[in-house]
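>>> my questions are about this predicted structure, shown below with the sequence.
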Amino acid sequence: MKSLLSKSLLSYVLSIFLLVFITGCLLSQIVDNYIFLISILIMEFIVMVIILLHIFENYIKPIQVATKTITKLVDGNYWSRFHYKSNGMSAVLGNEINKLARDLNQLSTQQDMKTEQLSTVIENTECGLVLIDEKGYIHLVNRTFISMFDKTHQDYIGSLYYDVLDDEEIHQTIQHTFLYERKIKETFSTVHGHYLEIVGAPIFNEKGHLNGSVLVLYDITEFKKLESIRKDFVANVSHELKTPITSIRGFAETLEEGAMNEEVLRKEFIKIIHGESKRLQLLIEDLLTLSRLENDEFKLMRTPVSMKELLNEIGLMGEQIATEKGINYIVKAEEDITLLADHDKLKQVLINLLANAVHYTPQHGVVTLDMDKIDDQLRIRIKDTGIGIDEQDLPRIFERFYRIDKARSRNTGGTGLGLAITKHIVEVHDGQILVESELDVGTTFTILLPIHT
Ligand code: ADP
């Protein structure tokens, strides 16, 4: 650019010299006075230089500055502006260049913002994303996808999908997406024990040609777990209901077939039918309680509950079932504590734990219920000197229908739902329930409840 400018400047200077020379030659023919001639030529030279400087300042220099600015804009520097004091056409040119630069700047800022927003969404979405071109090269993987497998971002980008993705199901999904040019969905489990759902979708260009594919991976492990819990629960409920119903039906049929006429058998069978129907009723009541507790709309009926009064209420029942079995029942509660709680639900918790303690404690054993205050929490402990719980069973006893000794628990009339209900009630009161136990020594259940003031 500079050389171009100096060349044109040189040609201007040469033209002036040529013009002055020609004018000098012409004037020398008519003017004899050399001094006059030289003065005219000097004057002409000065005028020419002034004109040249004017042209340079007003036309050549602005074009030079404008060209520089445009080159910077082309290179992506949208902050570049035309800074030159000019007027006339070059001022208009400068203004237009600056307007263009401002627009480009604004567009580029908007573009940057959109790109940033898009990458934030891609990076922070809960599902894994992978972008593959039509040749099978990976162009994009997001953070969630990386967290699903063992490799790093660098391992994936620019690699062929079959070199870096190990799961056969992913390969198949990609191949089918390319082959059938439509959305493909698969579910598979990874080596880390995760369940993934993969959806492959083809990408087409504006001409409708296949350009690549995008893979979306969802971690459905939690969903699968819930599904299996639900299946287990349905199977358990069916089994639990089937047992008493089969028994009732069997004894009713035997009665019908003739046992009705034998008084001893009749009495015995009717007693069994009555017992089984009571068990059925208990089971249904427990199932209903659980379902109510798990309902989203379930609300506790919180009222101020005097814990000493509550212990007195269940005291009689506790004493009765304990004495029936020859068990010593002790209550230790010095201070009365008032809790903002659901009275009936709390009572149910204590009765469940007390009944279990008595059930699983042999004759001459001791069941102790003590209550005290630790910091801002109420602590209730129900301790027995019973059969205890094996270490391996301890973490599972709060599961629905989990029984250690199934036959024995059924015989005691247990539904296997008592502790599940108990835990639920404690947790909806923002509390926690803990258990410590030693086989043949005894078990202690501890309930911690926040004291609302
Ligand atoms: P169930 O109605 O069968 O008693 P729970 O949910 O109340 O069901 O208890 C689950 C299991 O935990 C029981 O079957 C029993 O094996 C065990 N269990 C509960 N409380 C005690 C306890 N105090 N001592 C020993 N085992 C207990």
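Cool, got the structure.
>>> so which bits of stretch 133-147 are buried?
136-138, 141-142, 144-145 (16 or more other Cβ atoms under 10 Å). Bear in mind the C-beta positions are built from the backbone N, C-alpha and C, glycine included.
>>> now, the most widely separated pair of those residues?
Within those, Gly136 and Thr144 form the most distant pair, 21.8 Å apart (Cβ to Cβ).
>>> format the buried residues of stretch 133-147 as JSON lines; extra columns: secondary structure and distance to Phe45.
Listed next are those as JSON lines, based on DSSP: H, G, I helix; E, B strand; the rest coil; distance: Cβ to Cβ, whole Å:
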{"residue": "Gly136", "secondary structure": "coil", "distance to Phe45": "75"}
{"residue": "Tyr137", "secondary structure": "strand", "distance to Phe45": "70"}
{"residue": "Ile138", "secondary structure": "strand", "distance to Phe45": "73"}
{"residue": "Val141", "secondary structure": "strand", "distance to Phe45": "74"}
{"residue": "Asn142", "secondary structure": "coil", "distance to Phe45": "74"}
{"residue": "Thr144", "secondary structure": "helix", "distance to Phe45": "79"}
{"residue": "Phe145", "secondary structure": "helix", "distance to Phe45": "78"}
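>>> near the ligand, list only the ones from these.
Among the buried residues of stretch 133-147, no residue sits close to the ligand (Cβ under 6 Å from any ligand atom).
>>> kindly reformat those residues as a markdown table containing pLDDT.
Below are the buried residues of stretch 133-147 laid out as a markdown table (pLDDT from 0 to 100):
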| residue | pLDDT |
| --- | --- |
| Gly136 | 94 |
| Tyr137 | 96 |
| Ile138 | 96 |
| Val141 | 94 |
| Asn142 | 94 |
| Thr144 | 92 |
| Phe145 | 93 |
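>>> from the residues you listed, which is closest to the ligand?
Thr144 (38.7 Å; Cβ to the nearest ligand atom).
>>> what's the spacing between that closest one and Glu186?
Distance of Thr144 to Glu186, computed by Cβ to Cβ, to the nearest Å: 18 Å.
>>> likewise for Gly212?
Taken as Cβ to Cβ, the span from Gly212 to Glu186 is 19 Å.
>>> then Met48?
85 Å.
>>> again with Glu319
62 Å.
>>> before we move on, what about Tyr180?
13 Å.
>>> comparing the two, which residue is more hemmed in?
Of the pair Tyr180 and Glu186, Glu186 is the one with more neighbours under other Cβ atoms under 10 Å, namely 15 against 11.
>>> so which bits of the stretch 251-400 of the chain are right by the ligand?
Counting by Cβ under 6 Å from any ligand atom, the residues of the stretch 251-400 of the chain that sit close to the ligand are 356-357, 360, 384, 386-387, 389, 397.
>>> rerun at 8 Å
With Cβ under 8 Å from any ligand atom as the criterion, the stretch 251-400 of the chain meets the ligand at residues 352-353, 355-357, 359-361, 382, 384, 386-389, 393, 397-398, 400.
>>> just the ones of those in strands?
382, 384 (DSSP state E).
>>> put the buried members of the residues of the stretch 251-400 of the chain next to the ligand into a PyMOL selection.
Buried residues among these (16+ other Cβ under 10 Å), as a PyMOL selection:
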select buried, resi 352+353+355+356+357+359+360+361+382+384+386+387+388+389+397+398+400
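>>> can you tell me the closest non-neighbouring residue to the residue in the stretch 1-150 of the chain that the ligand sits nearest to?
Nearest residue of the stretch 1-150 of the chain to the ligand, counting by Cβ to the nearest ligand atom: Glu126, 35.5 Å away. Spatial nearest neighbour of Glu126, chain neighbours left out: Thr144 (6.4 Å); criterion: Cβ to Cβ, 6 or more residues apart in numbering.
>>> try Ser213
That would be Thr177: by Cβ to Cβ, 6+ apart, it lies 4.6 Å from Ser213.
>>> which stretch of helix or strand covers the one you found?
Using DSSP states H and E, the element containing Thr177 is helix 168-180.
>>> quick one: list the elements packing against that helix.
Applying 3 or more Cβ pairs under 8 Å, 6 or more residues apart in numbering; DSSP states H and E, we find helix 168-180 packed against helix 161-164, strand 184-189, strand 195-204, strand 210-219.
>>> avg pLDDT for the first one?
Averaged across helix 161-164, pLDDT comes to 93.
>>> outside of it, which residues touch it?
130, 132, 136-138, 151, 155-156, 170-171, 174 (Cβ atoms under 8 Å, 6 or more residues apart in numbering).
>>> and that helix, what's buried?
For helix 161-164, by 16+ other Cβ under 10 Å, it's Tyr161.
>>> burial measure for the closest residue to Val358 other than its chain neighbours, as a count.
Distance criterion Cβ to Cβ, 6+ apart; nearest residue to Val358, sequence neighbours excluded, is Ile321 at 5.0 Å. Per other Cβ under 10 Å, the neighbour tally for Ile321 reads 18.
>>> so Ile321 is in which element?
Here Ile321 is assigned to helix 307-325, by DSSP H and E.
>>> CA atoms only for that helix, dumped as CSV, please.
Extracted in CSV, the C-alpha atoms of helix 307-325 (Å, rounded to 0.1, in the frame of the first residue of the first chain):
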residue,chain,number,x,y,z
MET,A,307,-44.4,-36.9,75.3
LYS,A,308,-45.0,-37.9,78.9
GLU,A,309,-48.7,-38.1,78.2
LEU,A,310,-48.0,-40.1,75.0
LEU,A,311,-45.9,-42.6,77.0
ASN,A,312,-48.6,-43.0,79.6
GLU,A,313,-51.1,-43.7,76.7
ILE,A,314,-49.1,-46.5,75.4
GLY,A,315,-47.8,-47.6,78.8
LEU,A,316,-50.9,-49.7,79.6
MET,A,317,-50.7,-51.5,76.3
GLY,A,318,-47.0,-52.1,76.7
GLU,A,319,-47.3,-53.4,80.2
GLN,A,320,-50.1,-55.7,79.2
ILE,A,321,-48.4,-57.4,76.2
ALA,A,322,-45.1,-57.6,78.2
THR,A,323,-46.7,-59.2,81.3
GLU,A,324,-48.6,-61.7,79.0
LYS,A,325,-45.2,-62.9,77.9
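>>> just say helix, strand or coil for Leu339.
Of the three states, Leu339 takes strand under DSSP: H, G, I helix; E, B strand; the rest coil.
>>> contacting residues for the closest residue to Ile330 other than its chain neighbours?
Distances taken as Cβ to Cβ, 6+ apart put Thr368 closest to Ile330, at 4.6 Å, once the chain neighbours are dropped. Contacts here follow Cβ under 8 Å, 6+ apart; on that basis Thr368 touches 329-332, 381-384.
>>> taking these, please make a ChimeraX selection of just the buried ones.
Restricted to buried positions by 16+ other Cβ under 10 Å, the ChimeraX selection for the contacts of Thr368 reads:
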select :329,331,381,382,383,384
